[in-house]
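> Here is my input, please return the structure:
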Amino acid sequence: MRIIRKKSKATRTCTRNAILNLASCKRSQEEIIGFVLIVVLVVIVGVILLGLALRKSSPSQNSVELSNFLEASMLTTTSCAINFVPNYESLQDLILACWNNEKCLNDKPACEMLNKTAAELLDKSFPINSGRYSGYKINIFYAINETESRQDILSLDKGNCSSGAGGEKIIPASPGNIITRLEVCYQE
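Below you'll find the model as predicted:
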């Protein structure tokens, strides 16, 4: 008895349609590889551009780190007591006391103590020419809204600060707000 075997696909003779399908399959694979290469190149360029954008800070860019620093520094205890000696004011309360022209119990004006405390805090937190920071600017002012004129409470700057990152803290002071803006410049 004789067994008849079917020819496998690999041993079949190539017809015109099979050759056309093979060429079409190769073309499709080449197009897919080309598409994947284009996507990979676009992703690499995007990552490089994102890295460059994150590395450079513009002066108007708000920094979460600096905003958090301002938020935490407002809770710092100062050496000024307005009502009684063990009750020393926080930096935020000292700003409000300065705005209200109050005096500390040691007969120094609250604004003088604010100036001293803010300068010490910034000098310790952002040492100029330490290899990382080149300067800082802090402005504390009262404003009812952005369109009206503002009344300065404190303005300090130190070092060379042409471009850097900034942060902001708003303290309600009815009918307006006391706004603290900090800009820190980094060494290049």
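
> Worst mean pLDDT across the helices and strands of this protein, which element?
Least confident helix or strand, the chain: helix 16-55 with a mean of 78, by mean pLDDT, DSSP states H and E.

> Next secondary structure after that one?
Going down the chain from helix 16-55, the next helix or strand is helix 64-73, by DSSP states H and E.

> and that next one, average pLDDT?
What helix 64-73 shows for mean pLDDT is 89.

> Can you name every helix or strand that that helix contacts?
helix 110-125, strand 165-173, strand 176-186 (3 or more C-beta pairs under 8 Å, 6 or more residues apart in numbering; DSSP states H and E). In this view, the C-beta of every residue, glycine as well, is placed from N, C-alpha and C.

> quick check: angle from that helix to strand 165-173?
40 degrees (axes from the mean of the first three to the mean of the last three C-alpha atoms, to 10 degrees).

> What mean pLDDT does the helix or strand following helix 64-73 get?
Remark: after helix 64-73, the chain's next helix or strand is strand 77-81, criterion DSSP H and E. Per-region confidence: strand 77-81 scores 92 on mean pLDDT.

> Quick one: residues in contact with strand 77-81.
87-91, 94, 97, 104-106, 108, 110, 113-114, 117 (C-beta atoms under 8 Å, 6 or more residues apart in numbering).
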